[in-house]
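Turn this into a model:
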Amino acid sequence: MGSKVLIHNLSHLASTYCALATLKTVGYNLSNVDSKSILTSMRNLQQPDGSFLPIHIGAETDLRFVYCAAAICFMLGDWNGMDREKAKEYIIKCQSYDGGFGMVPGSESHGGGTYCAVASLRLMGFMEDDVLSTSGASSVIDLPLLLEWCLQRQAADGGFQGRPNKPSDTCYAFWVGAVLRILGGYKLIDGKALREFLITCQSKYGGFGKFPGELPDIYHSYYGCTAFSLLEEPGLNSPPSKWE
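Residues are numbered from 1 along each chain as shown. The predicted model follows:
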C-alpha cells in the first residue's frame, strides 16, 4: 500500500465559521481552539473598506463574510480579528434605498444579505435586541424603512420571499424572519399563514424542500426547522430571547 498523502486545503472564512458553530453546538469548549491563529489570519482578510475576503488568495467580498467574521469573533469572545468600526461603515453602505441590504454597496436588497447585515451589527454591539422599542431613533441604520421592507417580504401564500417579485422560499422564513426577531418586529407577521406555507414545503420523505412539493434537501430542511423554531413550534427549542 502506498503512503497516505495529506492534502492541505487553504482556510476559508465560511468554513471556519461553520466549524466553530458546529463545535459550539455540540458543547465543545472553544477555549481549546487556537483562536490567536484564527483571529490573526482573519484580520488579514479585512479590506480597507471594512469588508472581508473569504480566503487569502483573493475572492469576492460581500456581507456574507462580514457576518462570518463577526460570528467568529463573537463565539471566541475576542474582537481582535476585525476592525468593528470599519465593518460597521461597510454594512451601512450596503443598505439600499428601499430599506433592505444588498450583498455589496449599491446592489439589490436581498433577504440573506439583510440578515447578515443586521445580525453582524447585533453581534458587534452596534444594535440592541428589540431595537424597535428601545433605541430605534439613534440606530446606525434606517430602521423604519428596514422594517417595512422585511414585512413586505411575506407573500400572499404566507411564505417569505428573498426579493420583491420572487416566489416564497423555505429558507427566507428564517433569513427575513430572524431579522424581524432581532428588531423586535416578529410579532407583526402572520404566523399562522407562514406555518401553513412551511407545512406545504415539508416532504413525505422527511425534511423540507425549497418550494411546495419539491424534494427535500439538507439546506432547506435546516432552515425549515429554524423557521419553526422562530414560530415557537411545540417540540422544538425556541431561539434565546437574548444573544448569549
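
what ranges of the chain fall below the confidence cut-off?
1-8, 135-138, 240-244 (pLDDT under 70).

care to break it down by domain?
Following the TED database, one gets these domains for the chain: 11-128, 153-243.

closest to residue 146 out of these?
Evaluated over the domains of the chain, closeness to residue 146 peaks at domain 11-128, with 4.5 Å, by C-beta to C-beta. Quick note: C-beta positions are derived from backbone N, CA and C, even for glycine.

so can I have JSON lines of the domains of the chain showing mean neighbour count and distance to residue 134?
Formatted as JSON lines, the domains of the chain follow (neighbours: other C-beta atoms under 10 Å; distance: least, C-beta to C-beta, whole Å):
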{"stretch": "domain 11-128", "mean neighbour count": "18", "distance to residue 134": "5"}
{"stretch": "domain 153-243", "mean neighbour count": "17", "distance to residue 134": "8"}
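
wait, which of the ones you listed is closest to residue 145?
Here domain 11-128 is closest among the domains of the chain (C-beta to C-beta), at 3.2 Å.

Please state the offset of that closest one from the chain centre?
10 Å (C-alpha atoms, centre = their mean, to the nearest Å).

Quote the end-to-end distance of that domain.
32 Å (C-alpha to C-alpha, to the nearest Å).

name the element the closest residue to residue 237 other than its chain neighbours belongs to?
Distances taken as C-beta to C-beta, 6 or more residues apart in numbering place residue 229 nearest to residue 237, at 6.4 Å, with adjacent residues excluded. Here residue 229 is covered by helix 218-230, with elements defined by DSSP states H and E.

Which secondary structure elements does that helix sit against?
Judged by 3 or more C-beta pairs under 8 Å, 6 or more residues apart in numbering; DSSP states H and E, the packing partners of helix 218-230 are helix 172-183, helix 191-201.

I'd like these as a markdown table, with distance to residue 89 appended.
As requested, the helices and strands packed on helix 218-230 are arranged in a markdown table below (distance: least, C-beta to C-beta, whole Å):
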| stretch | distance to residue 89 |
| --- | --- |
| helix 172-183 | 20 |
| helix 191-201 | 34 |
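
Please name the nearest non-neighbouring residue to residue 178.
residue 115 (5.7 Å).

Against residue 168, how distant is that neighbour?
Distance of residue 115 to residue 168, given as C-beta to C-beta, to the nearest Å: 16 Å.

got the contact list for residue 154?
Contact partners of residue 154, counting by C-beta atoms under 8 Å, 6 or more residues apart in numbering, are 160, 176, 189, 190, 193, 194.

check contacts around the last one.
With contacts taken as C-beta under 8 Å, 6+ apart, residue 194 has the following neighbours: 154, 158, 159, 160, 173, 177, 227, 231.

and which of these is nearest residue 92?
So of those, ranked by how close each gets to residue 92 (C-beta to C-beta), first place is residue 177, at 22.9 Å.

was I right about the closest one contacting residue 230?
Yes. Counting by C-beta atoms under 8 Å, residue 177 touches residue 230, with 4.9 Å between them.

Could you tell me which residues touch both of the two?
residue 186.

My reading is that the residue nearest to residue 178 is in a helix; is that accurate?
Yes. Per DSSP: H, G, I helix; E, B strand; the rest coil, residue 115 lies within a helix segment.
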